[in-house]
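Visitor: Return a 3D structure for these sequence lines:
(chains A and B)
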Amino acid sequence: MSFGIFFAILGGVLAAAGGGAGSAIGVGRVGRAAAGVVTEDPSKFGKVLILEILPGTQGLYGFLIAFLLLTQIGVMGGSPIQLTTAQGLMYFAACLPMAICGFVSALHQANAAVAGVSIVAKRPEESGKAIIFAAMVETYAVLALLISILAMFNVTANIGA
Amino acid sequence: MRETEYAYAVARIRANELKMLSQQDFERLISAESYSAALRILTDKGWTEPSGTSAYDICETENASLWDFIANSVPDKTLLDALIVGNDFANLKAAIKAKFSDYEIAQYMTVPSICPAETIVKAIDEGDFSLLPDYLASCADKAYHAYTEKQSGQLTEIIIDKECAAAKLRFAEKSESALLTEIHTLTAAVSDIKTARRCASTGKSKQFALDAVNGCGKLDSAKLVNAVYEKEELSQFLTDAGLEILAEYADGDFTALEMFCDNYITRRSRDYKHEVFGPDAVVSYYYGKLAEIKNVRIVLSAKASGVPKDAIQQRVRELYV
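Guide: This is a model prediction of the structure:
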């Protein structure tokens, strides 16, 4: 196996691990806060559940990038294409936006969602606003996802794979 | 401990804040026709019906519920210890006094405490201070010998109060709660001002006053005692010491000073009402709830002794909610 394919796979692994780790920490953090509210008022379960789910999307985005990459370089089909080190590094770089932004945005979205849980605790009728505050952070995870996808497809087009 | 570990506790607190008594509830309480009518308002708001008939009962039950709630929510034992370490010293004081008098000690013990009250009583009874935790052992030894060898209840109290103030600050710093450290620093300073003024007004020597102040509240003990005894401008001294918030009340009566101190703690607690992580959110709720309980006790005691509405309103403290 060449260094090129190694770097490409490493990029996919980082995208999945960064997004996944961020989401795991984030969902866990919001889950603790949600449990606090549900302990006092079980009727708010539905509202806090939405907030808990929000930081979980980065994990899915990371998984999507890793899956696309493995498909692009033929690993999913069982016959990996030959990549030079430079080409492998290009795939690696394409995965970085999702890896970094996925991790960071999941943590910050979790913090916003925990604050939203406090809103639900005190003013359940304002839960929509709480969700919007947390969802705003999602924008940057989506932008990172788009850049990673665009960069990856362009790398594929350029190397003619 | 990481601040995010407090997410569960803080969320429970935010949900519980809805159950706290509002300004309108207190207006109703103060305007209640009688003591029993006031009790009814409280039980309607979810306070547990007292088994006895005194204000002490319903407030103590609420206090116990508060502690139960905090102890079951907070992930860090160091914070819990920091909130109640003062009770251990109060119990130590009670245990020493009880040993040399004939009153029943059980009713004077404060709960909750870090060190079980029975252990403190046993250590004092047997004179075996190794039974006590480190923060209490040397203080108990000194206080016990002051009581037995010098027969000085006053000296015993001074020793315990000084150690208590120092321990509260130490525990607060260890808990990493900036708010709790600020509260204990302020209360230590207020306590020093009161001690120095009390010593001066009762004709104690300067040296006695210097020994009596705890010196934990960021006030230079020697300068404070000097300012009080030489009748210098105490407010100016406090301003220079960075405690200008106390300057206005430093020369006035103690009731106003204590009331200001209580209100200031509540105001500072309110500043942390929107924190979502960390120990400060817990500390702010804890002190906010204590202020509420204190207010209820003031109102109920006043109702029981027929104090007029206007007088009650002057005594109640600011609310957290």
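Visitor: contacts, neighbours, all on C-alpha from now
Guide: Noted.
Visitor: residues near residue A:61, how many?
Guide: 23 (other Cα atoms under 10 Å in any protein chain shown).
Visitor: Check residue B:182 too.
Guide: Residue B:182, neighbours per other Cα under 10 Å, totals 17.
Visitor: Checking it next. Helix, strand or coil?
Guide: Following DSSP: H, G, I helix; E, B strand; the rest coil, the label given to residue B:182 is helix.
Visitor: my read: residue B:300 touches residue B:35, true?
Guide: Yes: applying Cα atoms under 8 Å, one finds residue B:300 in contact with residue B:35, separated by 6.3 Å.
Visitor: of the two, who's got more company?
Guide: A direct count of neighbours by other Cα under 10 Å for residue B:300 and residue B:35 places residue B:300 higher, at 26 against 21.
Visitor: what pLDDT does the more buried one get?
Guide: You'll see residue B:300 listed with a pLDDT of 92.
Visitor: helix or strand for the spatially most central residue of chain A, which one?
Guide: Chain A has residue A:58 as the residue nearest its centroid, 1.8 Å off, counting by Cα atoms, centre = their mean. Using DSSP states H and E, residue A:58 sits within helix A:57-72.
Visitor: That helix - contacts with which helices or strands?
Guide: helix A:3-40, helix A:85-122, helix A:127-159 (3 or more Cα pairs under 8 Å, 6 or more residues apart in numbering or on different chains; DSSP states H and E).
Visitor: Double-check residue B:221 against residue B:212; I have them as touching.
Guide: No: look at residue B:221 against residue B:212 with Cα under 8 Å: they stay out of range, at 9.5 Å.
Visitor: Which residues of chain A lie near chain B?
Guide: Applying Cα under 8 Å from any Cα of the partner chain, we find that chain A lies next to chain B at A:29-30, A:32-37, A:39-41, A:114-115, A:117-118, A:121-122.
Visitor: show me the contacts for residue B:302.
Guide: B:308, B:312 (Cα atoms under 8 Å, 6 or more residues apart in numbering or on different chains).
Visitor: outside of the helix holding residue A:58, which residues touch it?
Guide: Applying Cα under 8 Å, 6+ apart, the contact partners of helix A:57-72 are A:8-9, A:11-13, A:15-24, A:76-77, A:91, A:95, A:98-99, A:102-103, A:105-106, A:141, A:145, A:148-149, A:152, A:156, A:161.
Visitor: For PyMOL, what selects the buried ones among the residues you listed?
Guide: This is how PyMOL selects the buried members of the contacts of helix A:57-72, with burial counted by 16 or more other Cα atoms under 10 Å in any protein chain shown:
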select buried, chain A and resi 8+9+11+12+13+15+16+17+18+19+20+21+22+23+24+91+95+98+99+102+103+105+106+141+145+148+149+152+156
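Visitor: Checking residue B:155 next. Helix, strand or coil?
Guide: Strictly by three-state DSSP, residue B:155 counts as helix.
Visitor: Apart from its neighbours in sequence, what residue is nearest it?
Guide: Nearest non-adjacent residue to residue B:155, counting by Cα to Cα, 6 or more residues apart in numbering or on different chains: residue B:146, 6.5 Å away.
Visitor: Quick check: most distant residue from the centroid of chain A.
Guide: Distance to centre of chain A, Cα atoms, centre = their mean, peaks at residue A:40 (31.2 Å).
Visitor: Any stretches of chain B with poor pLDDT?
Guide: B:52-56 (pLDDT under 70).
Visitor: need the residues of it near chain A, please.
Guide: Going by Cα under 8 Å from any Cα, the residues of chain B near chain A are B:4-5, B:7-12, B:14-18, B:276.
Visitor: now those: which count as buried?
Guide: Using 16+ other Cα under 10 Å, the buried members of the residues of chain B next to chain A are B:4-5, B:7-12, B:14-17, B:276.
Visitor: I'd like those as TSV, with distance to residue B:237 and secondary structure appended.
Guide: Shown next, in TSV, are these (distance: Cα to Cα, whole Å; DSSP: H, G, I helix; E, B strand; the rest coil):
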residue	distance to residue B:237	secondary structure
B:4	41	helix
B:5	41	helix
B:7	42	helix
B:8	44	helix
B:9	41	helix
B:10	39	helix
B:11	42	helix
B:12	43	helix
B:14	40	helix
B:15	43	helix
B:16	42	helix
B:17	39	helix
B:276	38	coil
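Visitor: Can you tell me which of those is nearest residue B:151?
Guide: In terms of Cα to Cα, no member of these lies closer to residue B:151 than residue B:9, at 46.5 Å.
Visitor: now the closest one: how far from residue A:101?
Guide: Residue B:9 sits 29 Å away from residue A:101, taking Cα to Cα, to the nearest Å as the criterion.
Visitor: Would you confirm that residue A:39 contacts residue B:13?
Guide: No: the criterion here is Cα under 8 Å, and residue A:39 misses it with residue B:13 at 10.6 Å.
Visitor: Can you say which of the residues of chain A next to chain B are buried?
Guide: Listed as buried from the residues of chain A next to chain B are A:29-30, A:32-37, A:39-40, A:114-115, A:117-118, A:121-122; burial here means 16+ other Cα under 10 Å.
Visitor: roughly how far out does the helix ranked longest in chain B sit from the chain middle?
Guide: Identified as the longest helix of chain B according to DSSP state H is helix B:279-304. Once both centres are worked out by Cα atoms, centre = their mean, to the nearest Å, helix B:279-304 turns out to sit 11 Å from its chain's centre.
Visitor: what sits against residue B:165?
Guide: With contacts defined as Cα under 8 Å, 6+ apart, residue B:165 is in contact with B:86, B:184, B:188, B:214, B:216.
Visitor: Could you list the buried residues of the helix holding residue A:58?
Guide: So, applying 16+ other Cα under 10 Å, buried residues of helix A:57-72: A:57-59, A:61-70, A:72.
Visitor: Among those, which one sits closest to residue B:128?
Guide: residue A:59 (59.1 Å).
Visitor: Which residues does stretch B:8-16 contact?
Guide: A:32-37, A:39-41, A:117-118, A:121-122, B:70, B:73-75, B:276-278, B:281-282, B:285.
Visitor: Next one: the nearest residue to residue A:15 once chain neighbours are set aside from chain B, what distance?
Guide: For residue A:15, ignoring the flanking residues on the chain, the nearest one in space by Cα to Cα, 6+ apart is residue A:99 at 3.8 Å. Counting by Cα to the nearest Cα, to the nearest Å, the gap from residue A:99 to chain B is 23 Å.
Visitor: correct me, but residue A:99 touches residue A:20?
Guide: No: counting by Cα under 8 Å, residue A:99 does not reach residue A:20; the two are 9.1 Å apart.
Visitor: Can you report phi and psi for residue B:215?
Guide: The phi/psi pair for residue B:215 (degrees, to the nearest 10) reads phi 70, psi 20.
Visitor: residues contacting the nearest residue to it once chain neighbours are set aside?
Guide: Once flanking residues are discounted, residue B:215 sits nearest to residue B:221: 5.4 Å by Cα to Cα, 6+ apart. By Cα under 8 Å, 6+ apart, the contact set of residue B:221 is B:210, B:213-215.
Visitor: quick one: which of these is most hemmed in?
Guide: Ranking the contacts of residue B:221 using other Cα under 10 Å puts residue B:213 first, with 29 neighbours.
Visitor: right, and that one touches residue B:162 too?
Guide: Yes: if you go by Cα under 8 Å, residue B:213 and residue B:162 touch, sitting 7.0 Å apart.
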